[in-house]
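*Asks:* here's a sequence, model it:
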Amino acid sequence: MTITATEFKTNFGKYLDLIKREDIFITKNGKTIAKVSNPQVSAVDAISGILAGKASEDCDRHSLREERLSKYALDD
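*Replies:* Residues are numbered from 1 along each chain as shown. The predicted structure is shown next:
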């Protein structure tokens, strides 16, 4: 979600609750100046739902690392 700095300041409590579910990008004068995210959500949790063709239970740190390394090995 993208909101203005004024909107964030005005409705701070509302956005604190929303941060539990999604990242918030804050803009000022049309430019993104900050990203607020939940530190309790791991990167694996954040991307597991968007990985094409993978069941969420198949997405863990080890399997993502192995997949990434195998792609680099193919480039050599």
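
*Asks:* sketch out the low-pLDDT regions of the protein for me.
*Replies:* Along the chain, segments meeting pLDDT under 70 span 41-59, 71-76.

*Asks:* so it: which segments form each domain?
*Replies:* Split into domains by automatic domain parsing, the chain comes to 2-36, 43-75.

*Asks:* number of nearby residues for Pro39?
*Replies:* A count of neighbours around Pro39, defined by other Cβ atoms under 10 Å, yields 6. For the C-beta atoms, the positions are set from N, CA and C on the backbone; glycine is no exception.

*Asks:* again with Ile26
*Replies:* 19.

*Asks:* touching, it and Thr6? I think so.
*Replies:* No: counting by Cβ atoms under 8 Å, Ile26 does not reach Thr6; the two are 9.7 Å apart.

*Asks:* and the helices in this protein, which stretches?
*Replies:* For the chain, the helices defined by DSSP state H cover 5-10, 12-19, 43-48, 61-75.

*Asks:* what about dumping the CA coordinates of the second one to CSV?
*Replies:* Read it as helix 12-19. Extracted in CSV, the C-alpha atoms of helix 12-19 (Å, rounded to 0.1, in the frame of the first residue of the first chain):
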residue,chain,number,x,y,z
PHE,A,12,-1.1,6.3,12.6
GLY,A,13,-3.0,3.8,14.7
LYS,A,14,-4.9,2.5,11.6
TYR,A,15,-1.7,1.9,9.8
LEU,A,16,0.0,0.2,12.7
ASP,A,17,-2.7,-2.5,12.5
LEU,A,18,-2.3,-2.7,8.7
ILE,A,19,1.4,-3.2,8.9
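
*Asks:* can you list the residues that contact it?
*Replies:* Helix 12-19 is contacted from outside by Met1, Ile3, Phe8, Ile24, Val36, Ser37, Asn38, using Cβ atoms under 8 Å, 6 or more residues apart in numbering.

*Asks:* ok, what's across the strand from the nearest residue to Ile33 once chain neighbours are set aside?
*Replies:* Once flanking residues are discounted, Ile33 sits nearest to Ile26: 5.8 Å by Cβ to Cβ, 6 or more residues apart in numbering. Taking DSSP bridges as the rule, Ile26 bridges to Ile3, Ala34.

*Asks:* since that was my last question, I'll sign off now.
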